[in-house]
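Trainee: Turn this into a model:
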Amino acid sequence: MADHPSTSGGETLNTGETAWNDRAALHAKDDGVGVFDGGKALGRGTFAEMIRHLAMLPEEERAGYVIEKAGDREYSADEAMALASHPDFPAQEPG
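Mentor: A predicted model of the protein is given here:
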């Protein structure tokens, strides 16, 4: 995962850590992009929260969704499920 630069025009840092608390949005896989892309989000939260949300869907439905991570890229359902089993994936907070 990318670590965001701290200055305009700065370089990203590659720390090897996953930015689980970055902002993310759940989207339908083929909802398109463009000016209104942000308004098409089906859910918003941290990257970890969106992975958890996707994991709660029936397996056969997951492929219809992607997670757009702020400042990074789009993650397919398969990539998200692989990240959910990562050893440092954060435990769900009670509540």
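
Trainee: Just the strands from the chain, written as ranges.
Mentor: 23-28, 43-46, 65-69, 74-76 (DSSP state E).

Trainee: Show me the shaky parts of the chain.
Mentor: By pLDDT under 70, the weakly predicted segments of the chain are 1-17, 31-39, 72, 93-95.

Trainee: let's see 90
Mentor: The model of the chain has pLDDT under 90 over residues 1-19, 28-43, 70-73, 91-95.

Trainee: Take the strands of the chain and write them to CSV, including distance to Glu59 and mean neighbour count.
Mentor: Any C-beta I mention is one placed from the backbone N, CA and C, and that applies to glycine too. Listed next are the strands of the chain as CSV, based on distance: least, Cβ to Cβ, whole Å; neighbours: other Cβ atoms under 10 Å:
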stretch, distance to Glu59, mean neighbour count
strand 23-28, 16, 19
strand 43-46, 18, 15
strand 65-69, 12, 22
strand 74-76, 14, 17
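
Trainee: Next up, the contacts around the nearest residue to Leu83 once chain neighbours are set aside.
Mentor: In this structure, Leu83 finds its nearest non-sequential neighbour in Ile51, 5.9 Å apart by Cβ to Cβ, 6 or more residues apart in numbering. Ile51 is in contact with Ile67, Ala80, Met81, Leu83, Ala84, Phe89, counting by Cβ atoms under 8 Å, 6 or more residues apart in numbering.
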